[in-house]
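Trainee: dropping a prediction and its sequence here:
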Amino acid sequence: MRIIDMNRLQSAVESICACTAPTVQVGEVVARAEGLNSPYKSHQAVEFRAAAEDTGALLAAWNGRHHVQVGGEPSTPHPVDGYVGEWVRLTVPTAMVSSLFSLARRVGLAPLTPAKNLMDVYVLAPSLAGWHYGRPVFWATNAQGDGDNAPAVIEGEPVARQGGLEIIPQPEALPADLATWNSWPAHRPWFFNHVPVSVDGTDVSEESEEHATPLGVLYNGFPRAALYLRGPVRLIARDHDPVEIGPGAYIALHRFPSGGRVD
């Protein structure tokens, strides 16, 4: 298994057990705690309800950011932190998730004690769309927050192009949590081989270590890295002529590199 996946599982277990409002499912019963780690016992409470789905797991536990399932078949994945979510399956020592069993008992559930030293565990993780300067770019979901676990879809005709970069007017249907490329005048992060400057800007140092943090979207059916862009702005590229963008709200889209070439 990848160390990054194991670290994600450990972080998820720690977060769920340390939070004040974890939810735990054992069989067909779900327990949702409130104020669990409050120093005031009068603030601690638990509420039980019937589960919508029994996956055959020994238990499942989650909070607002993480979801872990021990054994069984994974349930339908859902968005995580505004990203498209997918299950990652890991075979790990049972001790790595033992604190989840203690949490289940603390909230009044009775999970079966694992009979094996190794367990199949599923942890919900953001789904990867591509890479940007060695960093993962995850699929964005739609901003409407309707629970749809699918990549955000962007439509619109480009108003400008610069190599592999396309600029389109900001559409009505927006992806969730896109960063704005040119949020601060002094902040000039590279988006692949492109960087925004003021309309009277003429150059930018290629030695800049600032990089944008895009998310993945589908544009005309193809995966693209995406950022919000505010005009007016001038776009400088390492290997293309400058492009000026007029006033307005836009989305900057860039294809992911193929064959190691970034345009």
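Mentor: Structure received. The structure displayed is predicted, hence computed values, not measured ones.
Trainee: CA atoms for contacts and neighbours, from now on please.
Mentor: Will do.
Trainee: so where's the stretch 51-200 of the chain shaky on pLDDT?
Mentor: 143-147, 183-187, 200 (pLDDT under 70).
Trainee: after the lengthiest helix in the chain comes which helix or strand?
Mentor: In the chain, assigned by DSSP state H, the helix with the most residues is helix 3-18. Next helix or strand after helix 3-18 toward the C-terminus (DSSP states H and E): strand 23-26.
Trainee: who does whichever helix or strand comes after that next one pair up with?
Mentor: Downstream of strand 23-26, the next assigned helix or strand under DSSP H and E is strand 29-34. Strand 29-34 has the following strand partners under DSSP bridges: strand 23-26 (antiparallel), strand 45-50 (antiparallel).
Trainee: the longest one: which residues count as buried?
Mentor: Within strand 45-50, the residues that qualify as buried are V46, F48, counting by 16 or more other Cα atoms under 10 Å.
Trainee: average pLDDT across it?
Mentor: The average pLDDT within strand 45-50 is 96.
Trainee: go ahead and name everything in contact with it.
Mentor: The contact list for strand 45-50, computed with Cα atoms under 8 Å, 6 or more residues apart in numbering, reads E28, V29, V30, A31, R32, A33, E34, G35, L36, V107.
Trainee: doesn't A52 make contact with the third one?
Mentor: The one in question is V30. No: taking contacts as Cα atoms under 8 Å, V30 lies outside contact range of A52: 9.0 Å.
Trainee: any idea where the helices of this structure begin and end?
Mentor: 3-18, 98-106.
Trainee: just put those in TSV and tack on mean neighbour count and distance to H194.
Mentor: TSV is the format used below for the helices of the chain (neighbours: other Cα atoms under 10 Å; distance: least, Cα to Cα, whole Å):
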stretch	mean neighbour count	distance to H194
helix 3-18	17	30
helix 98-106	17	46
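Trainee: of those helices, which is nearest P136?
Mentor: Taking Cα to Cα, helix 3-18 is the member of those nearest to P136, at 12.0 Å.
Trainee: returning to that earlier point: when V30 and A52 are compared, which one has more neighbours?
Mentor: Neighbours per residue, other Cα atoms under 10 Å: of V30 and A52, the larger number sits with V30, 22 against 9.
Trainee: show the contacting residues for the more buried one.
Mentor: Taking Cα under 8 Å, 6+ apart, we find V30 in contact with T23, V24, F48, R49, A50, A51.
Trainee: gap between it and T23?
Mentor: From V30 across to T23, the span is 7 Å (Cα to Cα, to the nearest Å).
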